[in-house]
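Undergrad: I would like to see how this sequence folds:
(chains A, B, C and D)
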2 protein chains.
Amino acid sequence: MDSEDEKTISVRDSKKTALRNKLLTTFYQEGTKSIPDLSDSLQLSIPTITRFLEELAHAGYIIEEGEGFSSGGRRPVLYGLNPNAKFVISVDIGRFIIRIALVNLRNQFIAPVRIINEGLSSQSDILQLIKQESEDLIKQSGISNDKILGAGISLPGLIDIKTGISYSYFTAVGKPLHELFKEIFPFPVFVEHDTKAMALAELSFGLAKGKQNVLCLVLGAGVGLSMIMAGKLYKGNSGFAGEFGHIPVADNGQLCYCGKVGCLETVASGVTLIQNARNGIASGASSKITDLTNNNPEKISLDIIIKAAALGDQYAIALLSRTGESLGKGIATLLHLFNPEMIILGGELSKAGNHITDPIKQTLNQHAIARILRDTELVTTELGENATLMGTVALVINNFFTKGADFPKL
Amino acid sequence: MDSEDEKTISVRDSKKTALRNKLLTTFYQEGTKSIPDLSDSLQLSIPTITRFLEELAHAGYIIEEGEGFSSGGRRPVLYGLNPNAKFVISVDIGRFIIRIALVNLRNQFIAPVRIINEGLSSQSDILQLIKQESEDLIKQSGISNDKILGAGISLPGLIDIKTGISYSYFTAVGKPLHELFKEIFPFPVFVEHDTKAMALAELSFGLAKGKQNVLCLVLGAGVGLSMIMAGKLYKGNSGFAGEFGHIPVADNGQLCYCGKVGCLETVASGVTLIQNARNGIASGASSKITDLTNNNPEKISLDIIIKAAALGDQYAIALLSRTGESLGKGIATLLHLFNPEMIILGGELSKAGNHITDPIKQTLNQHAIARILRDTELVTTELGENATLMGTVALVINNFFTKGADFPKL
DNA sequence: GTAACTTTATAAAAAAAATTAATAAGTCGG
DNA sequence: CCGACTTATTAATTTTTTTTATAAAGTTAC
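TA: Residues are numbered from 1 along each chain as shown, chains lettered A, B, ... in the order given. Presented below is the predicted three-dimensional model:
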């Protein structure tokens, strides 16, 4: 009897919850909507939508948001998410820097992003640092813990989604990452690979919004790739998909830090680019890079090389061109395999603009089947340095609104 | 008023139809099911399921199929698709051979497969040939046209899914393929790329059944690839995804028929393998291939080389090994990008068994990150020569049962 | 500026759909 | 052969959704 009851209630609930979640997701992803809009798109009558919206409004999740347009009749009331109904804390953990943000349901930063100049390469206990800084941020914003939907955390390295274990960091503890972070946060924790978080940001707020098949490249120290396929982030069987930096490209190439020989990263990464610059200048190449670094090869960075190229420095331009060509050959492979509608270039190297995109395009013309190449737009990200943070916010909110079987009361 | 009525009816219908289609799809993909089974999996009460099943049984789509097992209680009645409720005609168009089959809802061939020794390379009007042979097949089987759900057609080449136009065959007419075939078939027509049809077969009946992320390689004259991602066939923006044969691999390679230089197919395809064999033997290599072909280099084929290797011929084994190594390097790229749970090798070359899989595995050990490699099973297809035919059958039936807004009465 | 037409909103009535409950029927194990 | 258990069927009940009617708020054309 009891179990029968429970089952039925859960079925009933699950259907109601499904609709509630669909409404919340729609509001989150598309902003404001009117009742007739929703009636059309969800294939339900106006009174039904009204009933559910009333419930959500009563719970504090949605609010009226002015009037919409009409083609000749009474104007509809627009509804939208109450931005301050819930909040998300987002943590972007890098090798040398950690960023922490507190964001509302309209993806707005509640306070300035906290930046910690420590990271995965530090010797200090960064978990405690993150805990302290987060608590402080929340406290200062005057938001109570029960208003926080969850924490979204991103970090680099190989992360096994089946076990949640990172093979690159926090390996000593041998615990799944979400358990590790659960210990420092009193609310649900969601962990994502940093490059994949960036792709989520592009999908939710960036150039990939509304698109189905998009590749997101992150050109930084290494070469990262995330794939959006059929409108969703593709992770692979264990979450390792997108190891573009380690596909074999050079026949008798250099040894890569991954242990293999001839990986793409050995010819097309930021690290290699900087190494090439240092070697070249040491061998006597004349370049503005020398001035910009006060003749100190240690100071050569991607930023410096890009700056030199922007100043018209031929050597810097040639360096970028060489990297672009290597990348282009790799991207040609992606193009043939994925036939994407768009490829988004991100990461520090993408700031080089035409100095990196032109050699890529040039190489693609050589190495890609024209019919497929013509099908794909190559663009540079328009999201700033907080892209990764925003990606994990979308992760947390979407997870909550789509899966959230237990609908949280305000 | 009228339009309101229509809208409501269509909404009502669409919900009922959705459930009906889900039931039919479940039966098609999983065979027989009992009412309590369905009640559990569809989250609906037993009387509700009973009602819909009665309706479907009345329409002739499903029949009782004996009793199931019980853990101590009344045995459930099993229901399943009525195999002869509807039929599908499937046409596999190759370069030199055309296969036509008539299949029922249980994927059983109603009559022997018709084989026409003409194909896309022929000068004759193969559309008329297909029309005649199909009509004859249907007539001989004594099935009326209205019992045929549709025709599934597969062919090679680049097919643009946005326009339906093939860039490789029937280019003179400039018409979408489905329109071309609609003219010779009096029922709905579904067209699919041959390699992708094969992957559909693996997904529906083969080793990929129930799996999420699988790569299907077709090693024949060329190198074909189809990807199953998140349990669905991935086609790319215009249907060109999977052009694995034309990714750039050789730095200063040979000219490929696609116009580019250094494509994978120039080093790892069946055509290249045969060429290598001919060149080697012409240069004096001693091999059983010479005997098997009566010293006629024209007669060297994949089949012959595989046969020679099976007889222990060292030269043939070395040839296959070389091809396997080239393939392995390409597959390493796939592995890093997709992190699949399984890679299925198909096509004529896969019949070489260990002579081709061992060198592939050997190369993967060299070129793939161990953690990712360990995650993937490399297997050989268990489907026979009718795989492509079966794939298009699944395409037609699934399309009908999932999309089919207009539920066909028997 | 007003009449005619549209679109949106709300409440009560009606219809539809699904579930519950009661009952019956068939099975298994001891 | 009896009791526990699963499945099946029917009617009654509940839940959910839609209709219908009415009102409110705008737009457009004359």
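Undergrad: residue A:290: neighbour count?
TA: Other residues lying near residue A:290 total 17 when counted by other CB atoms under 10 Å in any protein chain shown. In this view, the C-beta of every residue, glycine as well, is placed from N, C-alpha and C.
Undergrad: for the closest residue to it other than its chain neighbours, give its distance to DNA strand C.
TA: Computed as CB to CB, 6 or more residues apart in numbering or on different chains, the closest residue to residue A:290 that is not its neighbour in sequence is residue A:281, at 6.1 Å. Distance, residue A:281 to DNA strand C, using CB to the nearest atom of the strand, to the nearest Å: 65 Å.
Undergrad: any low-confidence regions in chain A?
TA: For chain A, the stretches with pLDDT under 70 are A:1-14, A:403-410.
Undergrad: ok, which stretches of it are helices?
TA: A:2-30, A:35-42, A:46-58, A:126-141, A:177-182, A:194-205, A:265-268, A:270-282, A:288-292, A:302-310, A:314-338, A:354-367, A:370-373, A:387-398 (DSSP state H).
Undergrad: could these go into JSON lines alongside distance to residue B:28?
TA: Shown next, in JSON lines, are the helices of chain A (distance: least, CB to CB, whole Å):
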{"stretch": "helix A:2-30", "distance to residue B:28": "25"}
{"stretch": "helix A:35-42", "distance to residue B:28": "28"}
{"stretch": "helix A:46-58", "distance to residue B:28": "33"}
{"stretch": "helix A:126-141", "distance to residue B:28": "51"}
{"stretch": "helix A:177-182", "distance to residue B:28": "38"}
{"stretch": "helix A:194-205", "distance to residue B:28": "33"}
{"stretch": "helix A:265-268", "distance to residue B:28": "46"}
{"stretch": "helix A:270-282", "distance to residue B:28": "51"}
{"stretch": "helix A:288-292", "distance to residue B:28": "65"}
{"stretch": "helix A:302-310", "distance to residue B:28": "54"}
{"stretch": "helix A:314-338", "distance to residue B:28": "30"}
{"stretch": "helix A:354-367", "distance to residue B:28": "42"}
{"stretch": "helix A:370-373", "distance to residue B:28": "34"}
{"stretch": "helix A:387-398", "distance to residue B:28": "32"}
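Undergrad: nearest residue to the middle of chain A?
TA: Centroid-nearest residue in chain A, with CA atoms, centre = their mean: residue A:198, separated by 1.7 Å.
Undergrad: related to what we said a few turns ago, so which of the helices of chain A comes closest to residue B:157?
TA: Nearest of these to residue B:157, taken as CB to CB: helix A:370-373 at 11.2 Å.
Undergrad: residue A:248 reaches residue B:335, doesn't it?
TA: No: Residue A:248 lies out of contact with residue B:335 (CB atoms under 8 Å); the separation is 10.3 Å.
Undergrad: and these two? Which one has more around it.
TA: Using other CB under 10 Å, the more surrounded residue of residue A:248 and residue B:335 is residue B:335, with 28 against 24.
Undergrad: isn't the more buried one right next to residue B:364, touching?
TA: Yes: counting by CB under 8 Å, residue B:335 does reach residue B:364; the two are 6.9 Å apart.
Undergrad: which residues are in contact with each of those two?
TA: Common contacts of residue B:335 and residue B:364, defined by CB atoms under 8 Å, 6 or more residues apart in numbering or on different chains, comprise residue B:373.
Undergrad: around DNA strand D, pick out the residues from chain A.
TA: Residues of chain A lying close to DNA strand D (CB under 7 Å from any atom of the strand) are A:12, A:15-16, A:19, A:43-48, A:51, A:67, A:70-75.
Undergrad: what subset of the residues you listed is also close to chain B?
TA: When the residues of chain A next to DNA strand D are checked against chain B using CB under 8 Å from any CB of the partner chain, the ones in range are residue A:43.
Undergrad: for the residue of the stretch 201-350 of chain A found nearest DNA strand D, which non-adjacent residue is spatially closest?
TA: Per CB to the nearest atom of the strand, residue A:231 is where the stretch 201-350 of chain A lies closest to DNA strand D, at 25.7 Å. In space, residue A:231 comes closest to residue A:212 once its chain neighbours are excluded; the distance is 5.0 Å by CB to CB, 6+ apart.
Undergrad: got the contact list for that neighbour?
TA: By CB under 8 Å, 6+ apart, residue A:212 lies in contact with A:228, A:229, A:230, A:231, A:341, B:237.
Undergrad: repeat the analysis, applying 7 Å as the threshold.
TA: Listed by CB atoms under 7 Å, 6 or more residues apart in numbering or on different chains, the contact set of residue A:212 reads A:230, A:231, A:341.
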